[in-house]
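**Student:** Could you work out the structure for the sequence below:
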Amino acid sequence: MTDLAAKLDELIATVRASSSADLYLDAAGVAAVLGFSHGYTRDKIVHQADFPAPLRMGDGHSRWLRSDVLRWAKTRTKRRAA
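**Tutor:** Below is the predicted model:
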């Protein structure tokens with residue numbers, strides 16, 4: 001396999017691994033990532049001042065970037081451990 005073909009295969013694998021469903025989370029997805037119930041996440045977590053701001057999608061619903069949610073969770077864990 002040529003270098004170009006190998007790089008293309010790697011790029012395709014990366015794109016498949018990072019589907020939009022994985023990158024953008026609704027409140028239920030945020031709850032699943034954080035391990036809280038959907039109701040608790042919707043009512044308490046996403047309204048915290050330091051929680052990432054939601055993105056407004058074309059369908060009018062809020063979505064959060066998975067990486068932002070994970071970064072927020074990591075800072076919360078560090079803060080509590082200190």
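**Student:** How confident was the prediction at the spatially closest residue to S67 that is not a sequence neighbour?
**Tutor:** Closest residue to S67 apart from its sequence neighbours, by Cβ to Cβ, 6 or more residues apart in numbering: L23 at 7.7 Å. Every C-beta, even on glycine, is put in place using the N, C-alpha and C of the backbone. What the model reports for L23 is a pLDDT of 86.
**Student:** Show the contacting residues for L23.
**Tutor:** L23 is in contact with 65-67, counting by Cβ atoms under 8 Å, 6 or more residues apart in numbering.
**Student:** Which one of those residues sits in the busiest neighbourhood?
**Tutor:** Highest neighbour count within those, by other Cβ atoms under 10 Å: R66, with 17 neighbours.
**Student:** all strands in the chain, in order from the N-terminus.
**Tutor:** 24-25, 55-56, 62-65 (DSSP state E).
**Student:** And the residue most central in space within the chain, how far from G60?
**Tutor:** Residue closest to the average C-alpha location in the chain (Cα atoms, centre = their mean): R66, at 0.9 Å. The gap separating R66 from G60 is 20 Å, by Cβ to Cβ, to the nearest Å.
**Student:** shaky segments in this structure?
**Tutor:** 1, 11-22, 78-82 (pLDDT under 70).
**Student:** Please report the distance of the residue nearest to S67 from D3.
**Tutor:** From L23 to D3 the distance is 28 Å (Cβ to Cβ).
**Student:** Can you get me a residue count around the closest residue to L34 other than its chain neighbours?
**Tutor:** Residue nearest to L34 in three dimensions, not counting chain neighbours: A73, with 6.0 Å by Cβ to Cβ, 6+ apart. For A73, the neighbour count with other Cβ under 10 Å is 16.
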